[in-house]
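Undergrad: sequence and computational prediction follow.
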Amino acid sequence: MPGPQKGYRNRLFSAVHAEAVKRGLDHDALHAMACERYGVHSMSELTEEQLLAIYRGWTGKGLKGVGKLPKRGELAAKGDEMVSPADLEMLAREFAKRGLGADGQRNFVRRQLRGRDEIRSRKDLVRVMGGLRAMNRREGVA
């Protein structure tokens, strides 16, 4: 998976730094750990595999390869694609961040889809996910 993804290395650096902050490490402590563990002089000398090993060591999982949501009007040009199970799992994770139960989720989807409580297409998913992520961002829910 490493390599061909655009911006993968930058995402790894961001993820490692974010996890370090969660563990109370600043950049200098992270740098010292990298020097001790891998014998590098700079964090930029770490390979993608080494960065991924640090991230996996802390989180127990790899970095997600999730694509961005389409921009406004992009989906209309592609046609209406059906929503996939992976998309629904991503939506469930966003709902879980807010701690919404089944009724809260159904009400939110109904508001976003103007009365319909079923997500059928990517267009529906984009509408619901955009509103949910905006609300999470606004209220500081990570």
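TA: Here it is on my side, so go on.
Undergrad: quick one, domains of this structure?
TA: 8-59, 74-138 (automatic domain parsing).
Undergrad: in TSV: the ones you listed, plus mean pLDDT and mean neighbour count.
TA: All C-beta spots, glycine's among them, are computed from the backbone N, C-alpha and C. Output for the domains of the chain, formatted as TSV (pLDDT from 0 to 100; neighbours: other CB atoms under 10 Å):
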stretch	mean pLDDT	mean neighbour count
domain 8-59	89	14
domain 74-138	85	14
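Undergrad: residues contacting the nearest residue to L100 once chain neighbours are set aside?
TA: The shortest distance from L100 to any non-neighbouring residue, by CB to CB, 6 or more residues apart in numbering, is to F108 (6.7 Å). The contact partners of F108, taken as CB atoms under 8 Å, 6 or more residues apart in numbering, are F95, L100, V128, G131, L132.
Undergrad: helix or strand for the second one, just tell me which one.
TA: Counting by DSSP states H and E, L100 is held by no secondary-structure element, helix or strand.
Undergrad: kindly report the same for the first one.
TA: Element membership of F95, judged by DSSP H and E, is helix 85-98.
Undergrad: for the third one, same thing?
TA: Assigning secondary structure by DSSP H and E places V128 in helix 122-138.
Undergrad: can you pull out the strands in the chain?
TA: In the chain, no segments count as strands under DSSP state E.
Undergrad: quick check on S84: phi, psi?
TA: phi -100, psi 160 (degrees, to the nearest 10).
Undergrad: how close does it sit to L91?
TA: 11 Å (CB to CB, to the nearest Å).
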